[in-house]
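Colleague: quick one, fold the following:
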Amino acid sequence: MRELNLDQLRTLVAIADLGTFSAAAQALHLAQPTVSLHVSELESRMNAALVLRGGRRVQPTPAGAVLVDRARRLLREADEMVEAVKRHVQGVSGRVRLGSSTGVLVHLLPQVLESMNQAHPDIDVEVSIIGTQDGLDRLMAGTLDVALVAPPRTPGDLVVTRWRRDPMMAFLPPGWKAPKRITPQWLADKPLIFNDSSSRLYQQSMEWFATAGIVPRVRIELNYNEAMKSLVAAGYGGAILPMEGEVQAHVARGVQVVPLRPSLLRETVVVHRALPLLDGATRNLLRTLMKFRQA
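Modeller: Numbering: from 1, shown residues only. Predicted coordinates for the structure are as follows:
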């Protein structure tokens with residue numbers, strides 16, 4: 001048996017509800033011969049009479065009543081499916097997988113996610129903590145939709161858009177007597193807490209020391225900025241980290257936040273696949289991120 005035709009089922013349901021072929025034809029904007037053809041083809045495929053003709057009102061046969069009942073459910077599910085796809089394409093609902101560093105996640109993303117929830121409450125944003133290379137690998141593999149990372153050296157076919165440029169600062173224990181600006185020479189002989197050597201922040205910190213011809217000794221490597229700040233507050237060492245959020249929030253934790261000389265910036269970019277490959281929910285997240293873009 002050939003597959004059932006949804007248009008033919010819709011015609012049968014209309015006949016059952018309205019009582020005549022002509023009323024069904026008018027409601028469905030079909031010619032009456034087309035309505036008759038739909039019923040005949042359904043009866044042929046089911047090998048059973050589906051309606052009783054001849055009276056003032058067309059009635060479904062017992063077989064027709066079973067088909068009408070099942071057809072109502074099938075048509076309702078089909079309509080819901082079409083509506084769900086439309087909502088997904090329009091970005092009204094869906095899921096977006098977003099990757100971010102810990103600092104951005106803690107200090108900047110809450111505002112973004114709140115804005116998304118207000119504007120698009122049916123879009124679920126799943127957030128993962130990533131490094132730059134990990135984020136790029138996951139974007140290429142299709143297991144991540146958007147990444148907030150350091151500018152990649154070889155983005156390939158990925159789309160890269162500048163998002164923020166945050167100053168890097170020296171985060172120092174409360175007991176250290178620090179100058180107004182921290183130089184590589186002053187910091188070099190202090191115990192240091194760095195991001196791990198695979199990270200872009202580690203490379204930037206090493207390059208900053210290299211401008212003074214210094215290779216620093218690292219006491220602790222830890223790829224979690226907020227944990228690093230906790231170790232700084234406990235007196236384990238100093239760290240060079242981007243200034244995300246308000247300075248006062250860090251000072252309140254007992255950490256000194258002091259500018260660097262020479263200055264250093266941490267740039268964060270938004271990376272994703274080409275726009276034609278993105279669904280509506282992901283495009284809506286990108287629009288929301290651009291509202292928080294720092295010129």
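Colleague: name the nearest residue to Asn225, sequence neighbours excluded.
Modeller: Distances taken as CB to CB, 6 or more residues apart in numbering place Gly103 nearest to Asn225, at 4.3 Å, with adjacent residues excluded. Placement of C-beta: from N, CA and C, glycine included.
Colleague: can you tell me the element the one you found falls in?
Modeller: helix 102-107 (DSSP states H and E).
Colleague: pLDDT of that helix, averaged?
Modeller: In this model, helix 102-107 has a mean pLDDT of 86.
Colleague: now stretch 157-172
Modeller: The model assigns stretch 157-172 a mean pLDDT of 95.
Colleague: in it, what counts as buried?
Modeller: Leu158, Val159, Val160, Trp163, Arg164, Asp166, Met168, Met169, Ala170, Phe171, Leu172 (16 or more other CB atoms under 10 Å).
Colleague: coming back round to it: residues near the residue nearest to Asn225, how many?
Modeller: Counted by other CB atoms under 10 Å, the residues lying close to Gly103 total 23.
Colleague: mind listing the residues bridging to the residue nearest the centre of the chain?
Modeller: For the chain, the residue nearest the mean C-alpha position is Val96 (2.5 Å; CA atoms, centre = their mean). Counting by DSSP bridges, Val96 forms beta bridges with Val125.
Colleague: contact partners for it?
Modeller: By CB atoms under 8 Å, 6 or more residues apart in numbering, the contact set of Val96 is Ile123, Asp124, Val125, Glu126, Asp145, Val146, Ala281, Thr282, Leu285.
Colleague: of all those residues, which comes closest to Gly254?
Modeller: Gly254 has its nearest neighbour among those in Val125, at 32.5 Å by CB to CB.
Colleague: hang on, isn't the closest one packed against Glu114?
Modeller: No. Applying CB atoms under 8 Å, one finds Val125 not in contact with Glu114, separated by 10.8 Å.
Colleague: show me the domain layout of the protein.
Modeller: The chain breaks down into these domains under automatic domain parsing: 6-90, 93-164+267-291, 167-265.
Colleague: what mean pLDDT does the shortest one get?
Modeller: Read it as domain 6-90. The pLDDT scores in domain 6-90 average 90.
Colleague: what about that domain, start to end distance?
Modeller: 25 Å (CA to CA, to the nearest Å).
Colleague: now swap in the second one and tell me
Modeller: Length of domain 93-164+267-291, first residue to last, CA to CA: 20 Å.
Colleague: same deal with the longest one?
Modeller: The first and last residues of domain 167-265 sit 4 Å apart, counting by CA to CA.
Colleague: all strands of the stretch 101-250 of the chain, in order?
Modeller: Along the stretch 101-250 of the chain, the segments classed as strands by DSSP state E, counting those that start in this stretch run 122-129, 146-149, 159-172, 193-194, 220-221, 239-242.
Colleague: output the ones you listed in JSON lines; the columns should cover distance to Leu109.
Modeller: Listed next are those as JSON lines, based on distance: least, CB to CB, whole Å:
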{"stretch": "strand 122-129", "distance to Leu109": "7"}
{"stretch": "strand 146-149", "distance to Leu109": "8"}
{"stretch": "strand 159-172", "distance to Leu109": "12"}
{"stretch": "strand 193-194", "distance to Leu109": "23"}
{"stretch": "strand 220-221", "distance to Leu109": "24"}
{"stretch": "strand 239-242", "distance to Leu109": "14"}
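Colleague: before we move on, the earlier item: compare the contacts of Val96 and tell me which is most surrounded.
Modeller: Leu285 (27 neighbours).
Colleague: since that was my last question, I'll sign off now.
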